[in-house]
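Chemist: Sequence first, then the predicted structure:
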Amino acid sequence: MLLILFVCYCQVSLVMAVSIPNPRVCVIGAGISGLSAARYLKAAGVNFTVLEATRYIGGTWRYDPRVGFDDHGLPVFTSMYKDLKTNLPKPTMELPGFPLPEDAPSFPGWKVYYEYLQSYTEHFDLKKYIKFLHHVVSVKREENKWKVKHKEVVTREEFEEEYDFVIVGVGHLSKPKMPYIKGEKKFQGTIIHSHSYRIHDPYKCRRVLIIGAGPSGMDIAIALTDVSRKVIHSRHTFIKFRTPFPKNYVKKPDVKELNETGAIFVDGTYEDIDDIIYCTGYEYDFPFIDESSNLTITKSSVTPLHKNVVNIYQPTMVMLGLVVRACFVVALDAQARYTTGLITGNFSLPSQEEMMAEWQKKYLSLRAQGRPLSHMHSLGGNEDQYYAELTEESGIERVPPVMFKIRASDTRAIVDNLLTYRHYSYKVLDSEHFTRTWEGNENEHERNKSFSNC
Ligand code: NAP
């Protein structure tokens, strides 16, 4: 991989030229990333258009009961399930200067959050910049411009426009990562990916195998313990959850293979199973980005990006919201402010050599720790440092350290008890400090029974 990047690096200009007078900017996607970019571009008086494939703002934050394909033959974008509540507390979910409603719960559900994004769009008067039902099919670099082809999804009319900057804000939670599991075709029950999970009703009194223990796997597994006969959870995460799981929850290691009626696990045990939900995550998927971008896009990484945002080879292309293990709302807001500063010439990027050297240093450090390239997008314990770096380079207002501290506290509460961590309420006191208050029942910590009546 590194070799490919070095070769590619030698083929492109080493001279940075980002500052363009009166640039024309294309923002792809009207989800939270695209809306955040729109807010700051508008405030800076930039000439921009947002292209959005659906009729709606909000991207994955909009619940849609449909799965598969939408009315226009496009894959349903959202992965939202009906009972989703955020796993990060309210202060870290707020876009700066635009608080969630006072009475919103400490961990809002998707509806509260979606309505919040609608209010945000109205408040900053962003709708007029959005071309709805315009599906971007190709973004190509030609003669120092970005040629963006998009299709009106109802009339099928095709458009091609030239832009100076492209901001990609389509997220990365839409294309399911499907595992390969031996014997899958033999299995007689249902199999879906969490992308297509909406409600728990179909799993009432069933024996359900959940594979994967990221936020989707843990959320769905716990939700199903309320209704399912048995929840069999295959998980290999290094996190040692201390949750007193209900009695109808059974932890299992990786699946060795499936047969007609159930699963054999790598420890040799077997379970009868009615349904399987793969909670195995999502792939990076930007089929419209042409190879002229010089980016290397795999299922698990987009490289090389400066500060996880700027395409080092073509710095007039920016990717928002790719980071994980972060307060992603404040992170992508900071990225949107950084991007606007870049477009308006408020700051200059380091030279391409310097950006590449910084990227390679991070890459080599990951390799030395035996971690995969995909971890380039993971902020984790370096989240606060990331915000400091964005500010140092661009002069944007710094994301206060208290955000990272709240996330760290929330993460500990999640590991302590997945059943109760959302009963904590967090309040920011100043840029460094916060309070955390328990708002649940006294005996809630002890909740350790089978909820389902099957
Ligand atoms: P994810 O974070 O990528 O987690 C997927 C998990 O599946 C990983 O732990 C992965 O482990 C595991 N996995 C993959 N293949 C596997 C296999 N064959 N066998 C066993 N395990 C396997 O994906 P996600 O849980 O869907 O979450 C995606 C994003 O959505 C997250 O950023 C999260 O914050 C967000 N989300 C939020 C909420 C919420 O706010 N309540 C709920 C759901 C999702 P390995 O990588 O080790 O294989």
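Modeler: Cool, got the structure.
Chemist: got the residues of the stretch 51-200 of the chain near the ligand?
Modeler: Residues of the stretch 51-200 of the chain lying close to the ligand (C-beta under 6 Å from any ligand atom) are Leu84, Lys85, Thr86, Asn87, Leu173, Pro179, Ser194. Every residue, glycine included, has its C-beta placed from N, CA and C.
Chemist: Tell me the pLDDT of the residue of the stretch 151-300 of the chain found nearest the ligand.
Modeler: Among the residues of the stretch 151-300 of the chain, Gly214 lies closest to the ligand, at 2.1 Å counting by C-beta to the nearest ligand atom. For Gly214, the pLDDT comes out at 96.
Chemist: Which stretches in the stretch 351-454 of the chain count as helices?
Modeler: 352-368, 383-394, 401-416 (DSSP state H, counting those that start in this stretch).
Chemist: Arrange those helices in JSON lines, one row each, with distance to Ser19, mean pLDDT and mean neighbour count as further columns.
Modeler: Below are the helices of the stretch 351-454 of the chain laid out as JSON lines (distance: least, C-beta to C-beta, whole Å; pLDDT from 0 to 100; neighbours: other C-beta atoms under 10 Å):
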{"stretch": "helix 352-368", "distance to Ser19": "15", "mean pLDDT": "97", "mean neighbour count": "14"}
{"stretch": "helix 383-394", "distance to Ser19": "14", "mean pLDDT": "98", "mean neighbour count": "18"}
{"stretch": "helix 401-416", "distance to Ser19": "31", "mean pLDDT": "98", "mean neighbour count": "18"}
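Chemist: export these to JSON lines and tack on distance to the ligand?
Modeler: Listed next are the helices of the stretch 351-454 of the chain as JSON lines, based on distance: least, C-beta to the nearest ligand atom, whole Å:
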{"stretch": "helix 352-368", "distance to the ligand": "15"}
{"stretch": "helix 383-394", "distance to the ligand": "13"}
{"stretch": "helix 401-416", "distance to the ligand": "10"}
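Chemist: Skipping its backbone neighbours, what lies nearest the closest residue to the ligand within the stretch 351-454 of the chain in space?
Modeler: The stretch 351-454 of the chain approaches the ligand most closely through Ser374 (8.3 Å), counting by C-beta to the nearest ligand atom. Spatial nearest neighbour of Ser374, excluding adjacent residues (C-beta to C-beta, 6 or more residues apart in numbering): Ser300 at 3.7 Å.
Chemist: For that neighbour, give me its contacts.
Modeler: Glu283, Tyr284, Pro372, Leu373, Ser374 (C-beta atoms under 8 Å, 6 or more residues apart in numbering).
Chemist: gap between it and Gly262?
Modeler: Using C-beta to C-beta, to the nearest Å, we find Ser300 at a distance of 30 Å from Gly262.
Chemist: same thing with Leu95?
Modeler: From Leu95 over to Gly262 the distance is 46 Å, taken as C-beta to C-beta.
Chemist: Same check on Ser409?
Modeler: Counting by C-beta to C-beta, the gap from Ser409 to Gly262 is 40 Å.
Chemist: Residue ranges in the chain under the pLDDT threshold?
Modeler: 1-18, 442-451 (pLDDT under 70).
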